[in-house]
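Chemist: Sequence and predicted model, in that order:
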Amino acid sequence: MSSDALKDVVEGVTKGVLTWSLEQIKSLAHGFKDKKLFFIQDEKTIKRVKEQYRSGELSIYKEYIEDKEILFLLQMGLTLRKLEQEGEFDRRQNLRTKIFNKYKVKGLHIAQFVENGILNRYIGILIDDIFSLDKFKEDIMIVLESIEKHVLFVQAEDKERDIIHKTLSITSINLSFIFIISGIFSAAETVKNCETRLVELLKEYKCEKMSSGNKESLFFTRILKK
């Protein structure tokens, strides 16, 4: 391309930009802003995601978590919870599938960590034994960045013996300060059925149960020796 032709192209593009309407500019800015949400491909679900960005719960998480990708997944978890509360079960399942496809198992589990209400109680347990704000933030990030070492998400098809075996295996290898077992819907009943046996086996932990509607979570906190 000659220098004159290139000059004409540049001038044409510049002129075009200068003559854009305010609505076109706003639309373009809106497109850039929503690009991260494009994978959802459902207008109503995207609206729910945006609503959670302004929620008080996410604002609290922002105080302790700086990682933008993790905060985005926590926002997805709040959206999953909201869709369930509103009875939008098909949209909830569709969003879970989209999260899994884009962010794999770890991403979905981070979202579930919020959806099931686990993160709030986990923070509460940490506050009970808080040493410093920096250590507090570090402990939150440790569980989110290596969630498979700290949380067992029970599936509908999981058997009680498998849950017990996995729990003993994970806690013996990782020596987690807090280990959580969580299930929803039919898996919640399975978690309940495991409680007594797990309490007997995990003698170095104290157990706290959190039941909420169709969710069941067991928090095993290691007993610190004095």
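Modeler: Arrived safely, thanks for sending.
Chemist: For the residue sitting nearest the centre point of the chain, give me the pLDDT.
Modeler: In the chain, the centroid-proximal residue (CA atoms, centre = their mean) is Ala111; its distance is 2.0 Å. Per-residue pLDDT puts Ala111 at 97.
Chemist: Remind me which helix or strand it belongs to.
Modeler: helix 89-115 (DSSP states H and E).
Chemist: Buried residues in that helix, which are they?
Modeler: Judged by neighbour count (16 or more other CB atoms under 10 Å), helix 89-115 contains these buried residues: 91-92, 94-96, 98-99, 103, 107-115. To be clear about C-beta, it is placed using only N, CA and C from the backbone, and glycine gets the same treatment.
Chemist: what distance separates that helix from the centre of its chain?
Modeler: Taking CA atoms, centre = their mean, to the nearest Å, one finds the center of helix 89-115 at 8 Å from the center of the full chain.
Chemist: next SSE after it?
Modeler: Sequence-wise, the next helix or strand downstream of helix 89-115 (DSSP H and E) is helix 118-128.
Chemist: excluding its backbone neighbours, what's nearest Cys207?
Modeler: In space, and not counting its chain neighbours, Cys207 is closest to Val199: 5.1 Å by CB to CB, 6 or more residues apart in numbering.
Chemist: What count of nearby residues applies to that neighbour?
Modeler: Other residues lying near Val199 total 15 when counted by other CB atoms under 10 Å.
Chemist: mean confidence score for the helix or strand harbouring it?
Modeler: For Val199, the enclosing helix or strand under DSSP H and E is helix 186-201. The average pLDDT within helix 186-201 is 95.
Chemist: Restrict that helix to CA atoms and write it as CSV.
Modeler: C-alpha atoms of helix 186-201 as CSV (Å, rounded to 0.1, in the frame of the first residue of the first chain):
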residue,chain,number,x,y,z
SER,A,186,-29.6,-35.8,47.2
ALA,A,187,-25.9,-35.5,48.0
ALA,A,188,-26.8,-33.6,51.2
GLU,A,189,-28.5,-36.7,52.6
THR,A,190,-25.3,-38.7,51.9
VAL,A,191,-23.2,-36.2,53.8
LYS,A,192,-25.6,-36.4,56.8
ASN,A,193,-25.3,-40.2,56.8
CYS,A,194,-21.5,-40.0,56.9
GLU,A,195,-21.3,-37.6,59.9
THR,A,196,-21.3,-40.0,62.7
ARG,A,197,-18.6,-42.3,61.2
LEU,A,198,-16.4,-39.4,60.2
VAL,A,199,-16.6,-37.9,63.7
GLU,A,200,-15.4,-41.3,65.1
LEU,A,201,-12.5,-41.5,62.7
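Chemist: just checking, next helix/strand downstream of that helix?
Modeler: Remark: after helix 186-201, the chain's next helix or strand is strand 205-212, criterion DSSP H and E.
Chemist: could you check the angle helix 118-128 makes with that following strand?
Modeler: 140 degrees (axes from the mean of the first three to the mean of the last three CA atoms, to 10 degrees).
Chemist: pLDDT score assigned to Leu18?
Modeler: Leu18 carries a pLDDT value of 47.
Chemist: Who are the packing partners of the helix holding Ala111?
Modeler: Contacts defined by 3 or more CB pairs under 8 Å, 6 or more residues apart in numbering; DSSP states H and E place helix 89-115 against helix 43-53, helix 68-85, helix 118-128, helix 133-145, strand 151-153.
Chemist: Appreciated, that's everything.
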